[in-house]
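**Q** What follows is a predicted protein model with its sequence.
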Amino acid sequence: MSYEKIIEKLDKIEQRLTRIEKKIFPEKTEAVSSTDEPISKSKNKQYKGTSGGIQYLIEQGFFEKPKSMREIFDELKKEGYFYPLQSVDAAIRKEFFIRKRVLIRIKEGKIWLYAIKK
């Protein structure tokens, strides 16, 4: 077998492997930028679940000003956390307001606003 034929066969094998990898690992092969870092929201991979998303928002300074439950819910959706409003509300009240005491609640009219405790 000649050198050119070997190279040609290797190219075909490489193309097939690339297609297979794209089918098996679509997020890894398609969502990679030129710097080999994922384009997706890898910054908040360590924050899992509803509480993790809220913790991420706290660390990003989102609660510097009082926020309504709807604002919190919408911001979580922007960051890739898709949980029901009731779950977000329960996590904030139980985990961050009562247990950890990181957030405070302020009643403004008929709604509660949450802000970082200083």
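**A** It's in. Numbering: from 1, shown residues only.
**Q** For the residue nearest to I106 when sequence neighbours are not counted, grab the count of nearby residues.
**A** Closest residue to I106 apart from its sequence neighbours, by C-beta to C-beta, 6 or more residues apart in numbering: L113 at 4.6 Å. Using the backbone N, CA and C atoms, a C-beta is placed for each residue, glycine as well. Close neighbours of L113, defined as other C-beta atoms under 10 Å, add up to 19.
**Q** List the beta-bridge partners for L113.
**A** Bridge pairing for L113 (DSSP bridges) gives the partners S68, I106.
**Q** Tell me if I'm right that it and S68 touch.
**A** Yes. Counting by C-beta atoms under 8 Å, L113 touches S68, with 5.7 Å between them.
**Q** Show me whatever sits in contact with both of the two.
**A** By C-beta atoms under 8 Å, 6 or more residues apart in numbering, L113 and S68 have no common neighbours.
**Q** can you list the domains in the chain?
**A** 1-31, 49-116 (automatic domain parsing).
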